Each structure stands twice: as C-alpha cells, then as structure tokens.
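compute the structure for the input listed below.
(one chain, ligands or ions: 1)
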Amino acid sequence: MTDTNKTATLTLDGKTYELPVLSPTEGPDVIDIRKLYGQANVFTYDPGFTSTASCDSSITFIDGEEGVLLHRGYPISDLAGKSHYLEVCYLLLYGALPSAAELEDFETRVTRHTMVHEQMHRFFTGFRRDAHPMAIMTGVVGAMSAFYHDSTDISDPWQREVASIRMIAKMPTIAAMAYKYTIGQPFVYPRNDLDYASNFLRMCFAVPAEEYQVDPILSRAMDRIFTLHADHEQNASTSTVRLASSSGANPFACIAAGIACLWGPAHGGANQACLEMLREIGSVDKIPEYIARAKDKNDPFRLMGFGHRVYKNFDPRAKVMKESADEVLELLGVENNPTLQVAKELERQALEDDYFVSKKLFPNVDFYSGIILEAMGFPTAMFTPIFALSRTVGWISQWKEMIEDPQMKIGRPRQLYTGASERPYVDVENR
Ligand code: CMC
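Prediction:
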C-alpha cells in the first residue's frame, strides 16, 4: 500500500476535509477515513461492507469484473492446473512458492500432525448420530484449544506456527471422523504414506474389513477442490476469523468461528443447498418452473450455486471446477445421473435467460463442486465440511498476517443507531 498524492475532499456543514487516498498494488484506490470521526464527528455507513476495505492484505487479489483470482500473484488456473494443495498452502502461509526441500519439509510436518488426540474420539461420541457434520466440526475444532493448549499463546511465533500446521493437518481427519460417526462406521486413522487428498478419501471411504485403493483421478479432483477453495480474501468467514482473532482469542476458537459462519447457505452452505435444490427440481421438465420462481420478486427462492458478491462476469474457480466435473463424471460413468442432467440443463437455460444475464448471475464454484462430490459418493451434508477443511489454510494465513501486523487493533465497527433516545424507566405497575 502506498500513499498517492491524491486526496478526496469531503464537504460537510460548510467545512472541508481532505482524506488521503491509498493505492494498492492491484485494484481500486482506497479512501483512508481512519481519522474522519476524530476530525468531523461522523461515521461512514456501509452495512454488508460493499464499499469498505476492512484491512490491508498481501495474500489474495480478486477482480470480480474480469474474473481474476490471484494467490500471492499467481492465477488460480495455474495453481489448479500445475500445482497441488499443500504447495498452495505453503504459498498462502509463507508468501512464496517453496523450493523442493522446503516443500518436502512442509509436507512432512503436515503429515506428522494428521492424527488427533486419542481422547478426542470420546468427544465425538457425545454428539447425536444424526448431527450435521458442520455442527460436529464447529464443536470439535473449538475444543482443540482444550486438547492442544501448548499452541494457544498467540504472542509466541513458534506456537502460532504449530497451531497452523496442526489445523491444516487435522482438519481432514476431523471432517472424515464427523462423517464416519454420522454413518455409524469406525473411525479410519490417517496414513502418512498417502498424499493429503488420497488420505482424506481413504479416511472417508475405507472400512477396516477390506482394502481401499484410491483412484488417482479422484484424488487429483479432490486435491483440485481443496485448491480452488483455499482462500478468497475478505469473505464472510475470513472476516469472521479476523474479527474473532482481533480480540486476541486463541486460533482454534477463531477457526471454529469461521466454520460456523461458513455453514450459512449464502456462503459455504451453498454447495449443499445447490444439490438439494437440484434433487427437488428432480426432472428437466420442471426447470422452467424453478427459474420462474427465482425471478419472482415475491418468492424468496434463489437459484443456489448462482451469483456472487464479487464475481460479476464469471467465477474463475467455476471454470476449472467444470472441467474437473466433466473428467470425474466420465471416469465414474455417471453422466446420465438424473441430478446431473438437471444441473446441466438448468445451467444452460439460466445462462440464456435475460434475468440472469442482465444481473450477471453465473454458476459459481459451488454449483460444480457439489456435482463432483455427489458423483464421488459424498453425501450432501459433507459438502460444506469439505469446503471448511479446504478454506482452513486461507483462514490461518489471514489470521497469521493480521497477528504479525504491528498495527493490529481490535475490530470494532460503529453503527447508525435507530433506537429510542434516552427515556425514563417506568415501574411495572405503571406500564
Ligand atoms: N437467484 C436468483 N436471483 C438472484 C440470485 C440467485 N442465485 N443471486 C442474486 N440474485 C438477484 C437478487 O434477487 C437481486 O435482484 P434485485 O437487484 O432485483 O433485487 C440481485 O440479483 C443482486 O443480488 P444481491 O443479493 O444483492 O447480491 P449479493 O452480492 O448481495 O449476493 C450471493 C451474492 C452469492 C449471496 C447471491 O448471489 C446468492 O444468494 N446466491 C445463491 C447462494 C450461493 O450460491 N452462494 C455461494 C457463493 S460462492 C461460494 C462462497 O463464496 O461462499
């Protein structure tokens, strides 16, 4: 961030205020209003943060109009095509692509932390069997601060590093355990000879009674899903993690807050909601009825998996995800699955419909990820946990960046108060 010579002028009640304009390396300039309240006794109003930069960050850049997503400067299509998830984790966390030796060391560190404390198994069994895996994950990740309290001191860089590695390593184990618990199967322990994605697939789908072979195409598709969800700058769950951490709370508690936020259907819960919607539509002939409902102002129904707050042209993650979906569906020979037929036709009809075109509503990453995950055999309830485990590295990278910033302040938004002015208390008998 650099100061420009530009200033923005605000005139209020006959007085003029010069506001500095900051210039990012990419993206629009930013008007610095930090001193505005002190100088002019006004707040700015921006619910939903549609025009407000809540922090400065060097991790991820998005240009929603152009469909650009860069991690530390590298385009997501290059990372999804040429790199793999753990390398992208390293890039997000430490700012540069690793050398071969650095990558090997990082992968070893992550692999060695994949098991969870044995006593955590009992924590899982306290949940009802029909609990949503996201409910279990929120609880279990929050509880990590009770199991790993030797890495909760955020003022110690070593403890921060250990907590980061622990979370990236254990999140697939926790997500897989949440799944196994809800279907009544035994937990499958991680295996250190497998790569990150294969290990996750095995922990989800293997049973002790027989051998389980991971198909390399499925493992590659899983790794791509992880990579495409790894970070997305200041979205709702990441902002939640930053706000929670700004009070100095421990990292496990903050990531649990991020998971809770991600669960909502307007955010990470959209992949589950999308598949459920496709099932509800059920057959291709019903599609026009649902498109009409999505367009009806008096009907709250929306096409799940369509639209994005930032991408108003196309979602670059969706492009890669679509290619991956075609690959996986062909491999599994499920191109004729009715849900997938509905998905393809819905996409076609919506993209030709003036409502969706004029409002720039395109399929987002969650539209295709649900299709792949369904074809791989994951139940819909596991879609959002998979998003959560992929996004953990993004949350941690943003948390680390914030904690390491000497300017860090507790996040404390202001408000436009619309309640009653001061009034006298009335005793109950006089009301
Ligand atoms: N179906 C029908 N109409 C829609 C949709 C949709 N999916 N999305 C937006 N619109 C309409 C909306 O009704 C509004 O119309 P009008 O201007 O006439 O009032 C207009 O488009 C703008 O919508 P908005 O809600 O103001 O846009 P937003 O930027 O606040 O919301 C969104 C973005 C993602 C929450 C929204 O598009 C949505 O609810 N999509 C469905 C849920 C979804 O797929 N979410 C996953 C996002 S990608 C993964 C992630 O980042 O978590």
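
can you report how many residues lie near the spatially closest residue to L361 that is not a sequence neighbour?
Excluding the flanking residues, the one nearest L361 by Cβ to Cβ, 6 or more residues apart in numbering is G307, at 4.3 Å. C-beta here means a position set from N, CA and C on the backbone, and glycine is covered the same way. Counted by other Cβ atoms under 10 Å, the residues lying close to G307 total 20.

contact partners for whichever residue of the stretch 201-350 of the chain sits closest to the ligand?
Per Cβ to the nearest ligand atom, G307 is where the stretch 201-350 of the chain lies closest to the ligand, at 2.4 Å. Going by Cβ atoms under 8 Å, 6 or more residues apart in numbering, G307 touches K359, L361, F362, N364.

what of R224?
Contacts of R224 by Cβ under 8 Å, 6+ apart are A80, V320, M321, S324.

check which helix or strand it maps to.
helix 216-228 (DSSP states H and E).

can that helix be said to contact the ligand?
No. Between helix 216-228 and the ligand, judged by Cβ under 6 Å from any ligand atom, nothing touches; the nearest distance is 10.4 Å.

please identify the buried residues of that helix?
L218, S219, R220, A221, M222, D223, R224, I225, F226, T227, L228 (16 or more other Cβ atoms under 10 Å).

please name the nearest non-neighbouring residue to the last one.
Translated: L228. What sits nearest to L228 in space, not counting adjacent residues and going by Cβ to Cβ, 6+ apart, is R317, at 4.4 Å.

now swap in the fifth one and tell me
Leaving aside its chain neighbours, M222 sits nearest to A197 (4.0 Å; criterion: Cβ to Cβ, 6+ apart).

so who does the one you found touch?
Counted by Cβ under 8 Å, 6+ apart, A197 has contacts Y85, S219, R220, M222, D223, F226.

what residues sit buried inside the helix or strand harbouring it?
A197 belongs to helix 196-205 when elements are defined using DSSP H and E. By 16+ other Cβ under 10 Å, the buried positions in helix 196-205 come out as Y196, A197, S198, N199, F200, L201, R202, M203, C204, F205.

re earlier: just send the contacts of G307 back as a markdown table, with neighbour count and pLDDT too.
Formatted as a markdown table, these follow (neighbours: other Cβ atoms under 10 Å; pLDDT from 0 to 100):
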| residue | neighbour count | pLDDT |
| --- | --- | --- |
| K359 | 13 | 93 |
| L361 | 20 | 93 |
| F362 | 23 | 90 |
| N364 | 23 | 89 |
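
ok, which residues in the chain are in contact with the ligand?
232, 235, 266-268, 270, 294, 302-309, 359, 361, 364-366.

so which elements touch the top strand by length along the chain?
As assigned by DSSP state E, the longest strand anywhere in the chain is strand 2-12. Contacts defined by 3 or more Cβ pairs under 8 Å, 6 or more residues apart in numbering; DSSP states H and E place strand 2-12 against strand 15-23, helix 36-40.

now with 7 Å, please.
Judged by 3 or more Cβ pairs under 7 Å, 6 or more residues apart in numbering; DSSP states H and E, the packing partners of strand 2-12 are strand 15-23.

the longest helix along the chain vs helix 196-205, what angle?
As assigned by DSSP state H, the longest helix anywhere in the chain is helix 157-182. Here helix 157-182 runs at an angle of 40 degrees relative to helix 196-205 (axes from the mean of the first three to the mean of the last three Cα atoms, to 10 degrees).

what comes up buried for helix 157-182?
For helix 157-182, using 16+ other Cβ under 10 Å, the buried residues are 159-160, 162-182.

report all helices and strands that that helix contacts.
So helix 157-182, by 3+ Cβ pairs under 7 Å, 6+ apart, packs with helix 100-111, helix 133-147, helix 196-205, helix 251-262, helix 383-403.

swap the cut-off to 6 Å and go again
On a contact count with 3 or more Cβ pairs under 6 Å, 6 or more residues apart in numbering; DSSP states H and E, helix 157-182 meets helix 100-111, helix 133-147, helix 196-205, helix 383-403.

state the distance from the residue nearest to Q415 when sequence neighbours are not counted to K409.
Nearest residue to Q415, sequence neighbours excluded (Cβ to Cβ, 6+ apart): F43, at 7.8 Å. Distance of F43 to K409, computed by Cβ to Cβ, to the nearest Å: 16 Å.

give me the more crowded residue out of those two.
Set side by side, F43 and K409 show more neighbours around F43, with 13 against 9, by other Cβ under 10 Å.

Three-state assignment for the more buried one, please.
coil (DSSP: H, G, I helix; E, B strand; the rest coil).

read off the pLDDT value for it.
F43 carries a pLDDT score of 97 in this model.

wait, it touches R412, no?
No. The criterion here is Cβ atoms under 6 Å, and F43 misses it with R412 at 11.8 Å.

low-confidence bits of this structure, can you list those?
1-4 (pLDDT under 70).

can you give me how far the longest helix of the chain is from the chain middle?
Distance, stretch centre to chain centre, for helix 157-182: 16 Å (Cα atoms, centre = their mean, to the nearest Å).

the inter-axis angle of it versus helix 383-403?
Using the same axes, to 10 degrees: helix 157-182 against helix 383-403 is 170 degrees.

where exactly do the helices run in the stretch 201-350 of the chain?
216-228, 236-245, 251-262, 270-281, 287-295, 316-332, 338-352 (DSSP state H, counting those that start in this stretch).

so which of these is the most packed in?
By mean neighbour count, with neighbours taken as mean count of other Cβ atoms under 10 Å, helix 251-262 ranks first of the helices of the stretch 201-350 of the chain at a mean of 25.

what sits up against that one?
Helix 251-262 is contacted from outside by 137-138, 141-142, 144-145, 163, 167, 236-237, 240-241, 244-245, 268, 388, 395, using Cβ atoms under 6 Å, 6 or more residues apart in numbering.

closest point of the stretch 1-150 of the chain to the ligand, which residue?
For the stretch 1-150 of the chain, Cβ to the nearest ligand atom, closest residue to the ligand: G48, 6.8 Å.
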